[in-house]
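In: Fold the following.
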Amino acid sequence: MQNRPFFILFTLLSLVSLTLLFSCDKIEPPYFKDSNLVQTDVDFPDILKDTVTRKILIEEYSAQQCQNCPTQGAGPLAQLLEKYPKKIEVVCMHAGALARPNPIPPFDYDFRTDFGTNLYQQYVLAEGGGIPCAVVNRTRYQGMYPLGNVDWEAAVLSIDTQVYASIQLIAKFENNLLVAHTKTTFYQSIANPVVLSLLLIEDNIISPQMDGATIIENYVHNHVLRASLNGDGTYLNSSGIIEKDSSYLQSHQVSFAEHDWNINNCSLVAFIFDESTGEVFQVNRIKAK
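Out: Purely as a prediction, here's the structure:
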């Protein structure tokens, strides 16, 4: 009986230790530690704030077997890009039932990505939307995320032009490995954690596409999402809370081995967004090679 207090104390300490062991195992996204995170070994040139403008991200949702996507999606979007070439960056995600590949040609190629499918479920399906559609800067326009092409220009122009940050990109490609170096400089304070997303897209992909009742065998697919270099995104520092007038370096890599991606047609798209609201503050794009 004299050893009972010691036994109770030992038992309590053991339970506390086990609780700590298992409760610390869960890490909430975005994940700051990333297997694709590499050392930044480049020097970025100085950039003047007066030369920076706020650019807008358009995330298009499409599919090869979508009959209206060429005329109601890709066509109007190409016109918008031609009208605002320095204001807009586009990422096209193939997602949904019409993007599922068939076991036999012509629609046997799989353009889908887990990253794009997750966004489709969050911003399109959850809102009761369908393709073709686009989400502008991950903000609502007239109460909706997914928009038809008639609202794209108005949604773009509704975004304020305040410059929150600049994103510089440097790409290096060697031995089938693409390394993307980023430098993000903030000119404004942002209350919530900020997340960096770094995507690989490809232009000029020749693959069949439904257009009404017709199959276009040599259709040119542009802005197609190929991969995310940093998963659902990463903080720029350990907390995600950035400081005004500060810069943050981060670099990620992706392997082209075992993929049919053409590096000469690929680009890197980097953007930063508010973790709480989803709003995109800045986006930039460079050729991957």
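In: Okay, strands next: where are they in the stretch 1-150 of the chain?
Out: 37-38, 56-62, 88-94, 133-136 (DSSP state E, counting those that start in this stretch).
In: Mind giving me the packing neighbours of the second one?
Out: Spelled out, that is strand 56-62. helix 75-83, strand 88-94, helix 114-123, strand 133-136, helix 152-158, strand 280-287 (3 or more CB pairs under 8 Å, 6 or more residues apart in numbering; DSSP states H and E). For every residue, glycine as well, the C-beta is placed using N, CA and C.
In: export the ones you listed to TSV and tack on distance to residue 249 and mean pLDDT?
Out: Formatted as TSV, these follow (distance: least, CB to CB, whole Å; pLDDT from 0 to 100):
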stretch	distance to residue 249	mean pLDDT
helix 75-83	30	98
strand 88-94	21	98
helix 114-123	23	98
strand 133-136	29	98
helix 152-158	30	98
strand 280-287	15	98
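In: and the ones you listed, which is most packed in?
Out: strand 133-136 (a mean of 28; mean count of other CB atoms under 10 Å).
In: Can I get the helices and strands packed on strand 56-62 in JSON lines including distance to residue 45?
Out: Converted to JSON lines, these look like this (distance: least, CB to CB, whole Å):
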{"stretch": "helix 75-83", "distance to residue 45": "27"}
{"stretch": "strand 88-94", "distance to residue 45": "21"}
{"stretch": "helix 114-123", "distance to residue 45": "30"}
{"stretch": "strand 133-136", "distance to residue 45": "30"}
{"stretch": "helix 152-158", "distance to residue 45": "29"}
{"stretch": "strand 280-287", "distance to residue 45": "13"}
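In: Quick one: closest of these to residue 181.
Out: Among the helices and strands packed on strand 56-62, the nearest to residue 181 by CB to CB is strand 280-287 (10.3 Å).
In: what's the burial count for residue 237?
Out: When neighbours are counted by other CB atoms under 10 Å, residue 237 registers 15.
In: out of the helices and strands packed on strand 56-62, which comes closest to residue 187?
Out: That would be, of those and by CB to CB, strand 280-287, which comes in at 9.9 Å.
In: now the angle from that closest one to strand 88-94?
Out: Taking axes from the mean of the first three to the mean of the last three CA atoms, to 10 degrees, strand 280-287 and strand 88-94 form an angle of 80 degrees between their directions.
In: and strand 280-287, what other elements does it pack with?
Out: strand 56-62, strand 88-94, strand 165-174, strand 266-274.
In: what mean pLDDT would you report for the helix or strand just after the longest one?
Out: Downstream of strand 165-174, the next assigned helix or strand under DSSP states H and E is strand 177-186. For strand 177-186, the mean pLDDT works out to 98.
In: Next, the buried residues of strand 177-186.
Out: Neighbour counts over strand 177-186 (16 or more other CB atoms under 10 Å) mark 178, 179, 180, 181, 182, 183, 184, 185, 186 as buried.
In: in its sheet, what does it sit against?
Out: The strands beside strand 177-186 in its sheet (DSSP bridges) come out as strand 165-174 (antiparallel), strand 247-255 (antiparallel).
In: Just the CA coordinates for that strand, please, in PDB.
Out: C-alpha atoms of strand 177-186 as PDB (Å, rounded to 0.1, in the frame of the first residue of the first chain):
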ATOM      1  CA  LEU A 177      14.000  17.800 -63.000                       C
ATOM      2  CA  LEU A 178      12.400  21.200 -62.900                       C
ATOM      3  CA  VAL A 179      13.200  23.500 -59.900                       C
ATOM      4  CA  ALA A 180      11.000  26.600 -59.400                       C
ATOM      5  CA  HIS A 181      12.500  29.300 -57.200                       C
ATOM      6  CA  THR A 182      10.200  32.000 -55.800                       C
ATOM      7  CA  LYS A 183      10.700  35.300 -54.100                       C
ATOM      8  CA  THR A 184       7.500  36.900 -52.600                       C
ATOM      9  CA  THR A 185       7.700  40.500 -51.400                       C
ATOM     10  CA  PHE A 186       4.800  42.000 -49.500                       C
END
